[in-house]
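>>> Need a 3D model of the following:
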Amino acid sequence: MKDQDTQKAPAPSKPMKKSAARLGAVQALYQMDLAGTPLNHVLAEFESHWLGQEVEGVEMPDADRRLFRSVVEGVLAEQRRIDPLLDNALSNGWPLKRVEAVLRAVLRAGAFELMAKPDVPVRVVIAEYVNVAAAFLDRDETGMVNAVLDALARELRAAEFAGD
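Prediction:
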């Protein structure tokens, strides 16, 4: 019997790990919103069974666990500040509580990063969460993520738009 060449997949790059962390954070926030899963439980579940693990035959990408925790914990800690900001950025008469749960999780996570992570450029935050939204939502909703986060970024981080 001949030995088969087994090649290990290359380690994910730092940007891929950050993207995977954002995707995982949105999934965790969605689960917490829908099922009321407590923070410690959802963090433990995602870190041990989802991030970088094989799930239903699909290898989940490894994630930047610090970023994952930061976003999930940050959204919860800042939700009383985040939700009114998102309400104002959404179209008149369409409050955040009426937005579908996955979309709400994406918007909250993106808003948190815009508020709390000034080292991450606005364009990166918006692009990352539009990509996360595209994994779950249709084109109109991903366009809404782009528009809402852009409006919020112009309010929160106007200096980054000074040259526009």
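>>> contacts for stretch 69-85?
Applying C-beta atoms under 8 Å, 6 or more residues apart in numbering, the external contacts of stretch 69-85 come out as 21-22, 25, 28-29, 32, 39, 42-43, 96, 108-109, 111-113, 115-117, 152, 155-156. Where C-beta positions appear, they are placed from N, C-alpha and C, glycine not excepted.
>>> Narrow these to just the buried residues.
Among those, those classed as buried by 16 or more other C-beta atoms under 10 Å are 21-22, 25, 28-29, 32, 42-43, 96, 108-109, 111-113, 115-116, 152, 156.
>>> what's the distance between residue 121 and residue 159?
From residue 121 over to residue 159 the distance is 12 Å, taken as C-beta to C-beta, to the nearest Å.
>>> what's the answer for residue 145, then?
22 Å.
>>> what's the answer for residue 75, then?
24 Å.
>>> Name the residue in these two with the higher neighbour count.
Neighbour tally, residue 75 and residue 159, criterion other C-beta atoms under 10 Å: the higher count belongs to residue 75, 27 against 9.
>>> Just to be sure, that one is in a helix?
Yes. The assignment for residue 75 is a helix, going by DSSP: H, G, I helix; E, B strand; the rest coil.
>>> Find the residue at the geometric middle of the protein.
residue 22 (3.7 Å; C-alpha atoms, centre = their mean).
>>> and for the helix or strand that residue falls within, what are the contacting residues?
For residue 22, the host element (DSSP states H and E) is helix 14-35. Applying C-beta under 8 Å, 6+ apart, the contact partners of helix 14-35 are 12, 37-39, 42-43, 46, 50-52, 60-68, 71-72, 75-76, 101-102, 104-106, 108-109, 128-129, 131-132, 135-136.
>>> Likewise for stretch 135-155?
Counting by C-beta under 8 Å, 6+ apart, residues outside stretch 135-155 touching it are 23, 26, 85-86, 89-90, 100, 102-103, 106-107, 110-111, 114, 122, 125-126, 129-130, 133-134, 160-161.
>>> Then stretch 105-119?
Under C-beta under 8 Å, 6+ apart, the answer for stretch 105-119 is 22, 25-27, 29-30, 33, 70-71, 74-75, 78-79, 81-83, 85-86, 96, 99, 120, 122, 125-126, 128-129, 132-133, 136-137, 145, 148-149, 152-153, 156-157.
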